[in-house]
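J.: A predicted structure for the sequence below; I have some questions about it.
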Amino acid sequence: MLIGIIGLGDMGKLYAKRFAKAGYQVCGSDLPEFYEKLDEELSPLGIELMVDGSAVSRKSDIIIYAVEAEKIAEVVQRYGSATKYGAIVAGQTSVKHPEIAAFEAHLPKDVNIVTCHSLHGPGFDTKDQTLIVIPYRCNAEAYMRMVDVLTALESDLVEMSDYHTHDKIVADTQAVTHMGFESMGTAWKSAGFFPWENASYFGGIDNVKILTMLRIFSYKAHIYAGLAILNPYARQQIKSYAQSESDLFKMMITENEKDFRERIMRAKSFLFPDTKQFLLLDNEIMQEFSLSGSGIPRSPNSHLSLLSMADAWYQLGINPYDNLICQTPPFRLRLGIVEYLFRNEELLEESIEAAIYNKQIRTDDLEFHSAVREWSSIIGYGDMNGYKHHFNDAKLFFEDRLEHGRLQSAELISRLNRSY
C-alpha cells in the first residue's frame, strides 16, 4: 500500500516519517522551491519526493492533504481530479467545513473520504496523542483499511461520526483557547513588559499562562488563523468569550461586587459541582516552571482571562469536560488552571477582591480587555491577513523567549500528565 502526502510542511513530514518508519511505502509533494531540500531530508528515509500533487494522487492508495485550511480548496481543485480510482482521501486540517466542501467539489465520486485530525502540533510525537477519525464518505472496508494505517501513528484514535460535531468542539478546545492566550500576549506586549518580571504574574497558574502563551506564539500564525476564521462555530464562541470578558470588566471598573460575585458563583456551580471528577493540576509542579527570579513575593491578580472563560462556558451551556474528547495540550492546561482557580476558595476570593478593588492591576486588566476586543473584531470580520499581522506583532515582542517557552511548556505538560 502506498501512502501519499500532499503538503510536506511540519505536520506532513511528521506523518510521512511515522508511516515510513512503520514500514509503509510513502511518497509526497510540496511546492517546487522546496523539492531539493525535502528530497535531501526525506529520501534517506525511503520517502519518495514527487514533482507535484497530481503525481501523488495518481499512484497513491491513501492520499492525505496536509495543507493550510485556507488553501485546501485551491490545492484539492488542482490535484483532486488525478486521484486514483477507489483511493482513500483524508485531510489533516483542524477545521473540517472547508475541507469537506473542497472534497465534495473536486474529488471523483468513486473516492472514499475518511478524514482525520491530530490534536497536537508538530513539536509533539504522534504517540499517545489524540487523533480524531471521521468516516465521511466511505465503505466499511475502506474505513477499516484507513484505521489500520492510522494505527501506525500510535495515537489514541477517537471516531467521530459527524464533522459538524468535530468543528463545534474544536471551536472551544482550539479557537477560543488560542484566542484567550493570544489576548494575554497582546496585552503584555501593549503594556510593554514581560509578565515574568511583574509580581502580579508570579505563581503556579500564571506560570502555566505564560508558558502556554509562549508556546502558541512559537508556532506559525496561519495554524491559528484558519482555526478561528474558517470554523463557522468559532466566531460565535469567541464573541461569547469577548462578551463575558466585557461584562465582567464593566462590573470591575464600577466596583459592582454584588453582581460580579453572583455571576462568578453561578459559573462555579455550573462547571464545578462537588460530584465532578476533576483534573486537579499539581500546584507544586506548576510552581517549578517559573521564568521569574526566586524569592520575590507574589501580588494579587484578578485572573480576568480565566474568570471570563468560566463565565463564557456557563453562558453558552458548554461543559468543557465533555470536550476533553478533542483535547489539546493548551486546552487541557486552560481547563486545568480555570478549575484550579475555582476549586481553591482562598485564591478565588483573592481574585474577586483584586478584580473589584485592586487599582494597581487595573491598567493590566484594561490592556487585556482591549486585546480581547481587538482579537474578537479581527476574527469577526474574517480578516485573515489582519489576524496574521496581529499575531506576528506579539510574536516579535516575545521572540527571545519563544523557543525556551516552547520547550519548558512541553516539559510542564509531560510532568503534569504523569501526575494525574
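T.: All right, it came through fine.
J.: any low-confidence regions in the chain?
T.: For the chain, the stretches with pLDDT under 70 are 275-277, 279, 293-296, 417-420.
J.: for residue 67, give me its contacts.
T.: Applying CB atoms under 8 Å, 6 or more residues apart in numbering to residue 67 gives the contacts 6-7, 9, 12, 75, 93. For every residue, glycine as well, the C-beta is placed using N, CA and C.
J.: tally of neighbours for residue 350?
T.: 18 (other CB atoms under 10 Å).
J.: leaving out sequence neighbours, find the closest residue to the residue sitting nearest the centre point of the chain.
T.: For the chain, the residue nearest the mean C-alpha position is residue 174 (3.5 Å; CA atoms, centre = their mean). In this structure, residue 174 finds its nearest non-sequential neighbour in residue 227, 5.1 Å apart by CB to CB, 6 or more residues apart in numbering.
J.: same question, residue 142
T.: residue 112 (3.8 Å).
J.: does the residue nearest to the centre of the chain belong to a helix, a strand or coil?
T.: Under DSSP: H, G, I helix; E, B strand; the rest coil, residue 174 falls in the helix class.
J.: contacts only, for the residue nearest to residue 142.
T.: With CB under 8 Å, 6+ apart, residue 112 has these contacts: 86-89, 137-139, 142-143, 146.
J.: pretty sure the residue nearest to the centre of the chain sits against residue 331.
T.: Yes: if you go by CB atoms under 8 Å, residue 174 and residue 331 touch, sitting 6.9 Å apart.
J.: OK, contacts around the spatially closest residue to residue 94 that is not a sequence neighbour?
T.: Nearest residue to residue 94 in three dimensions, chain neighbours excluded: residue 227, at 5.0 Å (CB to CB, 6+ apart). By CB under 8 Å, 6+ apart, the residues touching residue 227 are 69, 94-95, 170, 174-175, 178, 234.
J.: in this structure residue 391 contacts residue 221, no?
T.: Yes: with contact defined as CB under 8 Å, residue 391 counts as touching residue 221 (4.0 Å).
J.: related to what we said a few turns ago, just the closest of the contacts of residue 67 to residue 34, please.
T.: Set against residue 34, the nearest of the contacts of residue 67 by CB to CB is residue 9 (9.1 Å).
J.: from residue 56, how far out is that closest one?
T.: Note on residue 9: its distance to residue 56, by CB to CB, to the nearest Å, is 15 Å.
J.: ok, those two, which is more surrounded?
T.: residue 56 (28 against 20).
J.: just the buried residues of stretch 247-255, please?
T.: 247-249, 251-252 (16 or more other CB atoms under 10 Å).
J.: would you turn the residues you listed into CSV with distance to residue 82 and secondary structure?
T.: Below are those laid out as CSV (distance: CB to CB, whole Å; DSSP: H, G, I helix; E, B strand; the rest coil):
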residue, distance to residue 82, secondary structure
247, 53, helix
248, 53, helix
249, 54, helix
251, 59, helix
252, 58, helix
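J.: determine which two of these are furthest apart.
T.: 247 and 252 (9.9 Å).
J.: and the strands in this protein?
T.: 2-6, 25-29, 47-49, 62-65, 88-91, 112-118, 130-137, 156-159 (DSSP state E).
J.: for the third one, name the packing helices and strands.
T.: Packing partners of strand 47-49 (3 or more CB pairs under 8 Å, 6 or more residues apart in numbering; DSSP states H and E): helix 10-21, strand 25-29, helix 35-42.
J.: still on that earlier bit, and the gap between the residue nearest to residue 142 and residue 106?
T.: Using CB to CB, one gets 15 Å for the distance from residue 112 to residue 106.
J.: for residue 325, same thing?
T.: The value you get for residue 325 to residue 106, if CB to CB is used, is 30 Å.
J.: which of the two has more neighbours?
T.: Per other CB under 10 Å, whichever of residue 325 and residue 106 has more neighbours is residue 106, with 18 against 15.
J.: pretty sure that one sits against residue 80.
T.: Yes: using CB under 8 Å, residue 106 makes contact with residue 80 at a distance of 3.8 Å.
J.: quick one, phi psi at residue 320?
T.: Main-chain torsions, residue 320, degrees, to the nearest 10: phi -60, psi -20.
J.: that one - nearest residue in space that isn't next to it in sequence?
T.: In space, residue 320 is closest to residue 335, 5.1 Å off (CB to CB, 6+ apart).
J.: look at the one you found and say how many residues are nearby.
T.: Neighbours of residue 335 under the rule other CB under 10 Å: 25.
J.: was I right about it contacting residue 322?
T.: No: counting by CB under 8 Å, residue 335 sits too far from residue 322 to count as a contact (11.0 Å).
J.: how close does the residue nearest to residue 203 when sequence neighbours are not counted get to residue 291?
T.: Nearest-residue entry for residue 203: residue 298, 5.0 Å, with adjacent residues in sequence omitted and distances by CB to CB, 6+ apart. As defined by CB to CB, residue 298 lies at a distance of 14 Å from residue 291.
J.: who has more neighbours, those two?
T.: Legend: neighbour count by other CB under 10 Å for residue 298 and residue 291, higher for residue 291 (18 against 14).
J.: and the nearest residue to the more buried one once chain neighbours are set aside, what does it touch?
T.: Spatially, and ignoring its direct neighbours in sequence, residue 291 is nearest to residue 196 (3.6 Å; CB to CB, 6+ apart). Neighbouring residues of residue 196 by CB under 8 Å, 6+ apart: 210, 290-292.
J.: from those, which is closest to residue 368?
T.: Using CB to CB, the contacts of residue 196 come closest to residue 368 at residue 210, 13.7 Å.
J.: which residue ranges of the stretch 251-400 of the chain form helices?
T.: 257-271, 283-288, 304-316, 329-343, 345-357, 362-380, 384-397 (DSSP state H, counting those that start in this stretch).
J.: what's the closest of those helices to residue 30?
T.: Closest approach to residue 30 among the helices of the stretch 251-400 of the chain (CB to CB): helix 384-397, 20.5 Å.
J.: what inclination does the closest one have with respect to helix 362-380?
T.: Using axes from the mean of the first three to the mean of the last three CA atoms, to 10 degrees, one finds that helix 384-397 and helix 362-380 are set 150 degrees apart in direction.
J.: Provide the contact partners of helix 384-397 at residue level.
T.: The contact list for helix 384-397 (CB under 8 Å, 6+ apart) reads 70, 182, 185-186, 188-189, 217, 221-222, 224-226, 228-229, 374-375, 378-379, 402.
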